[in-house]
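**Student:** this is the structure alone, sequence omitted:
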């Protein structure tokens, strides 16, 4: 969490650029709401999967879940399937209420995300229901003490273009999924 906190302003600037390019510029300023553990568990992130509230100039609000990742493996979109795979307690896959889902990688700790992707959550759910996303299921590293969650993941390059709002890989062709590196 502490490492992710260092990336909040980096992500917020990226969101401003993305939504400005979409002709949906965001209001200036940032507000961080500190809360107790109980408030956290009762509120946006814990129950609804909302990390950020976006406020465009045209009024209204949108919500966003964000994942900042720091390893060098194959870039994926990962979402918690079950909080506890042994009891099948539902995870974010079943409860997420955010409208957008952001995944950004900084594997070399350079202070920027590359690659990154911003997804339309409703479009991702629809494409998933239609079988157009090759999700894989894995448990957490069982050797780690207390690791109970299971996760669904898909490689960034396997996502259909229809679920991608914006990405660092937009220089690639727009037909179908983003090309996978071999």
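**Tutor:** Received the coordinates, thanks. Quantities reported herein were computed from a predicted structural model and do not represent experimental measurements.
**Student:** quick one: mean pLDDT over stretch 20-30.
**Tutor:** For stretch 20-30, the mean per-residue pLDDT is 86.
**Student:** strands along the chain, start to end?
**Tutor:** Using DSSP state E, the strands found in the chain span residues 52-54, 62-69, 76-84, 89-90, 100-105, 116-120, 136-139, 150-155, 164-167.
**Student:** which of those strands has the lowest mean pLDDT?
**Tutor:** Taking the mean pLDDT of those, strand 52-54 comes last: a mean of 78.
**Student:** buried set for that one?
**Tutor:** For strand 52-54, a neighbour-count test (16 or more other C-beta atoms under 10 Å) marks 52, 54 as buried. From N, CA and C alone the C-beta is placed, and that goes for glycine too.
**Student:** can you give the strand pairings for that strand, parallel or anti for each?
**Tutor:** strand 62-69 (antiparallel) (DSSP bridges).
**Student:** name the residues that touch the partner strand?
**Tutor:** Strand 62-69 has contacts (C-beta atoms under 8 Å, 6 or more residues apart in numbering) with 3-4, 7, 11, 15, 44, 48-54, 56, 75, 77-78, 92, 96-107, 113, 121.
**Student:** narrow those residues to those that are buried.
**Tutor:** Members of the contacts of strand 62-69 classed as buried by 16+ other C-beta under 10 Å are 7, 11, 15, 44, 49-52, 54, 56, 75, 77-78, 92, 96, 98-106, 113, 121.
**Student:** and the longest helix anywhere in the chain, how far from the chain's centre?
**Tutor:** Taking DSSP state H as the criterion, the chain has its longest helix at helix 8-21. In terms of C-alpha atoms, centre = their mean, to the nearest Å, the centre of helix 8-21 is set 14 Å apart from its chain centre.
**Student:** tell me which residues in that helix are buried?
**Tutor:** For helix 8-21, by 16+ other C-beta under 10 Å, it's 11-12, 14-16, 18-19.
**Student:** and the residues you listed as JSON lines, adding distance to residue 149?
**Tutor:** JSON lines is the format used below for the buried residues of helix 8-21 (distance: C-beta to C-beta, whole Å):
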{"residue": "11", "distance to residue 149": "23"}
{"residue": "12", "distance to residue 149": "27"}
{"residue": "14", "distance to residue 149": "27"}
{"residue": "15", "distance to residue 149": "26"}
{"residue": "16", "distance to residue 149": "32"}
{"residue": "18", "distance to residue 149": "29"}
{"residue": "19", "distance to residue 149": "31"}
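**Student:** for those, which one is nearest residue 166?
**Tutor:** Using C-beta to C-beta, residue 18 is the member of the buried residues of helix 8-21 that sits closest to residue 166, with 4.7 Å.
**Student:** isn't that closest one right up against residue 116?
**Tutor:** No - in this structure, residue 18 is not within contact of residue 116 by C-beta atoms under 8 Å, at 9.4 Å.
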